[in-house]
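# Here's my sequence, what's the structure:
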Amino acid sequence: MENADEAEAVDARARRRLKELRLEKGLTLAEVSERAHLALSTLSRIETGKRRLSLHHVPPLAAALGVSSDELLGSAPVRDPRVRGEPRTYPGMVMWPLTEQSPAGELHAYEVHIAAERSEPPEELPVHPGREWLYVLTGRLRLLLGGQDLLIEPGQAAEFSTLVPHWFGATDGAAVTFIMLVGAQGDRLHFRA
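Modelled structure (predicted):
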C-alpha cells in the first residue's frame, strides 16, 4: 500500500505530465476541458495543484490529449534531442532549424544561408510583430532597417524590432551564413521573399 508521500508524488507527476502533454500538442486549457468534458475551472485547479487528480479524471483527460492513461500517469519519455526539421527554402535563402518547433511565444533558432544573388531588396520591406537577433558567421550581411543600410561583419550581432521595415541580403557578390533567433510571430510571418 502506498503512503501519502508516494500518492502525492504520483499526483504531482500526473499534473506535470498533463501540462507537458497539453503544451506539446499546442492545446489550451479550454480545448482540453471541452474535449475531456470537464469544467475549465476543474482542469485549471488540477493542473495547478489546487485540486487532486482523481481516477475518474484520468481516462477522459488521456483521451482529450490523445495518449493512453499510462502515458498520462507515467514519466515523460526521454526524447531524442537531435533537431531534424526540414530546411525552409525561399528565393535566395535557405533556413535550417536549430530548435524543435515549440509552443507559441518561445524563440526558434535557425542557421540561415543567403545566396550571393540575393542582393536587391524588394520594393516594400517586410514588417511584423516581434524581435530578431542574428549573428553573422561568414560573409558580410546587408541589413536594411528602416532608413539605414547596414553591413554586419562576421562575428558581429544585430538585434532589432521587426515592427521596423527590414530586409537582409548578400553584398560583395559573396554568400552569407548567420544564426538567427526569432519569436513565434516572426517565424510565421517573416519570410515571404
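# Show me the contact partners of stretch 24-44.
Counting by C-beta atoms under 8 Å, 6 or more residues apart in numbering, stretch 24-44 makes contact with Arg22, Glu47, Arg51, His57, Pro60, Leu61, Ala63, Ala64, Leu65, Gly66, Pro103, Ala104, all of which sit outside it. (Glycine included, C-beta is placed from N, CA and C.)
# in it, what's buried?
The neighbour-count check on stretch 24-44 (16 or more other C-beta atoms under 10 Å) flags Leu27, Leu29, Val32, Ser33, Ala36, Leu38, Leu43 as buried.
# Farthest pair within those?
Leu27 and Leu38 (13.1 Å; C-beta to C-beta).
# Pull up the gap between Leu29 and Gly49, please.
Shown here: Leu29 relative to Gly49, a distance of 14 Å by C-beta to C-beta, to the nearest Å.
# hmm, back to that, between the buried residues of stretch 24-44, which sits nearest Ala157?
Set against Ala157, the nearest of the buried residues of stretch 24-44 by C-beta to C-beta is Leu27 (35.4 Å).
# now the closest one: how far from Arg52?
22 Å.
# same check, this time on Ser69
16 Å.
# Show me the longest helix that occurs in this protein.
helix 4-24 (DSSP state H).
# in it, what's buried?
Asp11, Arg13, Ala14, Arg15, Arg17, Leu18, Leu21, Arg22.
# doesn't Leu73 make contact with the second one?
Yes: at 7.3 Å, Arg13 and Leu73 qualify as touching, with contact defined as C-beta atoms under 8 Å.
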